[in-house]
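# Fold the following, please.
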Amino acid sequence: MSDLAAALDVVGSRWALLIVERLLDGPQRYGDLQRDLGLGTNMLATRLRELEEAGVLTRLPLRHNTRAYALTDRGHALRPAIESLAAWARASESIDGR
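Residues are numbered from 1 along each chain as shown. Just a heads-up that it's a prediction; the model follows:
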């Protein structure tokens with residue numbers, strides 16, 4: 001398996017990188033992630049569980065049975081890749097005239 005394939009096994013699922021991108025700004029509560037991403041509860045719960053199992057994020061206990069999520073060092077290491085993908089999209093838009 002190539003390094004890229006191994007990385008995509010962790011963050012290649014739909015919504016995974018968007019969740020990581022939101023968490024680059026700091027810890028987020030479950031409800032805030034759901035609202036901001038417009039993601040269904042089942043899908044968000046699945047992706048958060050997968051990212052937690054992969055060591056990309058960690059769950060933070062809050063009061064009143066609420067949860068928040070924060071990136072681990074492994075998750076923060078994705079910042080350059082996310083920034084590069086965003087720059088690629090901006091460059092593609094200017095080339096395509098979108």
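
# In terms of helix, strand or coil, where does Asp25 fall?
coil (DSSP: H, G, I helix; E, B strand; the rest coil).

# One more: Gly55?
Secondary structure, three-state DSSP: Gly55 is coil.

# who's in contact with it?
By Cβ atoms under 8 Å, 6 or more residues apart in numbering, the contact list for Gly55 reads Thr72, Arg74, Gly75. In this view, the C-beta of every residue, glycine as well, is placed from N, C-alpha and C.

# can you rerun that using 10 Å?
In this structure, Gly55 makes contact with Val10, Thr72, Asp73, Arg74, Gly75, judged by Cβ atoms under 10 Å, 6 or more residues apart in numbering.

# Tell me the one of these nearest Gln34?
Distance to Gln34 across the contacts of Gly55 (Cβ to Cβ) is lowest for Gly75, with 18.6 Å.

# Just the ones of the contacts of Gly55 in helices?
In this view, those that belong to helices under DSSP state H are Val10, Asp73, Arg74, Gly75.

# of those residues, buried ones?
Taking 16 or more other Cβ atoms under 10 Å as the criterion, what is buried in these is Val10, Gly75.

# Looking at the ones in helices among the contacts of Gly55, which is nearest Arg90?
Gly75 (23.1 Å).

# From Ile19, how far out is the closest one?
9 Å (Cβ to Cβ, to the nearest Å).

# Quick check: neighbours shared by those two?
Common contacts of Gly75 and Ile19 (Cβ under 10 Å, 6+ apart): Val11, Leu51, Val56, Leu57, Tyr69.

# For the most centrally placed residue in the chain, give me the pLDDT.
Nearest to the geometric centre of the chain sits Val20, at 2.1 Å (Cα atoms, centre = their mean). We have a pLDDT of 97 for Val20.

# residues contacting the nearest residue to it once chain neighbours are set aside?
Distances taken as Cβ to Cβ, 6 or more residues apart in numbering place Leu78 nearest to Val20, at 5.3 Å, with adjacent residues excluded. Leu78 sits next to Ala7, Val10, Val11, Ala16, Leu17, Val20, Glu21, Leu23, Leu24, Val56, Leu71, Leu85 when contact means Cβ under 10 Å, 6+ apart.

# Lovely, talk soon.
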